[in-house]
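Novice: Would you be able to build a 3D model of this:
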Amino acid sequence: NFSEVTYDLSRPLVPEPTTTTTSTIPPTTTTSTTVAPTTDFVFEVTTASDGDAFVLPLVSTSSINASIDWGDGTVNTVTSWNDANAFHTYTTAGVYTVSMSGIIDGWDYASPGNAGTDKTQFGDISNWGTFEVTTIGCFFQCTNLTVSATDSLTVTSGSNIFNGCTGLITIDLSNWDVSG
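Specialist: From the prediction side, this is the model:
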């Protein structure tokens, strides 16, 4: 048992919005809020075992003054490359969304001083925010790195930013400021 369906292609297939007015006693007020885009640098960290640590790959030339929400209820401030708060231990293994706000540059996985950091922990970047690329090899060999961020990234200097990032298949560079 089939029915014939016809469409008028001169009209949109999506229903047009309608406005409904409802009177209530007593009168009520509805408020809507628009959320501004975040300026935070947001990325995922994956820990394989309980007690695994994640280290921000900062270098001595880093300019950093950032608040870090580690995604597990812990929030710290980092003000220098060798700040103890740049090192975080996760109690339970899992995937955590880390959010950093403030001044963030001097990030360098290629630096010899960061040779011991576990680059496989670094996952998807969902927002660039105020993050600024100022070093060579910024995400060097972060094999699980992906980028879903659609906001603009500022690159003032650096090369081989994604060298060895085998998980990074595509990336939209159209909004990036590479005027340096």
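Novice: For the residue lying closest to residue 110 once chain neighbours are set aside, which residues are in contact?
Specialist: Spatial nearest neighbour of residue 110, excluding adjacent residues (CB to CB, 6 or more residues apart in numbering): residue 137 at 2.5 Å. From N, CA and C alone the C-beta is placed, and that goes for glycine too. With contact set as CB atoms under 8 Å, 6 or more residues apart in numbering, residue 137 has these partners: 108-111, 158-161, 163.
Novice: Output those residues as CSV; include the columns neighbour count.
Specialist: Shown next, in CSV, are the contacts of residue 137 (neighbours: other CB atoms under 10 Å):
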residue, neighbour count
108, 24
109, 23
110, 21
111, 22
158, 18
159, 11
160, 13
161, 17
163, 15
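Novice: and the nearest residue to residue 123 once chain neighbours are set aside, what are its bridge partners?
Specialist: Counting by CB to CB, 6+ apart, residue 44 is the residue found nearest to residue 123 once chain neighbours are left out, at 3.4 Å. Per DSSP bridges, the residues bridged to residue 44 are residue 97.
Novice: Just confirm residue 44 contacts residue 120, I think it does.
Specialist: No - using CB atoms under 8 Å as the test, residue 44 is too far from residue 120 to be in contact (11.9 Å).
Novice: what sits against the spatially closest residue to residue 80 that is not a sequence neighbour?
Specialist: Using CB to CB, 6+ apart and skipping the chain neighbours, the partner closest in space to residue 80 is residue 64 (6.9 Å). Neighbouring residues of residue 64 by CB under 8 Å, 6+ apart: 58, 78-81, 83, 102-106.
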